[in-house]
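Asks: need a 3D model of the following:
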Amino acid sequence: MGDDKRWLKVGVPVTALLIAAIGLLYTSGLLGPFGKTGYIERADAACAKHRPALAALGPEPRNAGPGAFYAHMQRVVAVMRAAHRDWGRVKIPPSIASSVRDAYASTDTAIRLYEHSVEEAGRGDLAKADSSLQDANKQGHLAFTKSRTAGLNVCPAGF
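Replies: Numbering: from 1, shown residues only. Reported below is the predicted structural model:
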């Protein structure tokens, strides 16, 4: 009986403190469906739904000549842009907004560079297309790194 009274004196306040801490973590955006974990699940799902389309395009036809390569890149970039748009529709919790927005902006820059590369190839300027492609690859690597640092496992799609 003495142990029961001790539990009431210690256990109830500790339990109340734990419940309050969990509530605070939930409302701060660190836990729950609108927290970091929930965001990562939803964002990665948005990007992952584009994986089959990317896989269906097959490998880069580097040995087929510049025309075939850049035609393939045009289709890849269209899927990357769609995945990026879907990723952008996922609401970001305040607790990770800065790192996610940074990764998202880097991804957008990389996609724009890929698009520019395809446009230059379409105009027949393969030197500019290749230069833009090099820049896009560097920016894509940066976007990938920033996305992993933010906790994402799938986004950005296509990198």
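
Asks: show the subsequent helix or strand relative to the worst-scoring helix or strand of the chain on mean pLDDT.
Replies: Within the chain, no helix or strand scores below helix 2-27, which has a mean of 59 by mean pLDDT, DSSP states H and E. For helix 2-27, the succeeding helix or strand toward the C-terminus, using DSSP states H and E, is helix 36-48.

Asks: give me the contacts around that following helix.
Replies: Contact with helix 36-48 is made by 29-32, 83, 86-87, 89-93, 95-96, 100, 151-157, as judged by CB atoms under 8 Å, 6 or more residues apart in numbering. For every residue, glycine as well, the C-beta is placed using N, CA and C.

Asks: CA atoms only: put the helix or strand that it is followed by into PDB for me.
Replies: Proceeding N to C from helix 36-48, the next assigned helix or strand is helix 51-57, under DSSP H and E. Provided in PDB are the C-alpha atoms of helix 51-57 (Å, rounded to 0.1, in the frame of the first residue of the first chain):
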ATOM      1  CA  ARG A  51       9.600   6.800 -60.600                       C
ATOM      2  CA  PRO A  52       7.800   4.500 -63.000                       C
ATOM      3  CA  ALA A  53       7.600   7.200 -65.600                       C
ATOM      4  CA  LEU A  54      11.400   7.800 -65.300                       C
ATOM      5  CA  ALA A  55      12.100   4.100 -65.400                       C
ATOM      6  CA  ALA A  56      10.000   3.700 -68.500                       C
ATOM      7  CA  LEU A  57      12.200   6.200 -70.300                       C
END
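
Asks: next, the buried residues of helix 51-57.
Replies: Residues A53 are the ones in helix 51-57 that count as buried (16 or more other CB atoms under 10 Å).

Asks: understood, closing this out.
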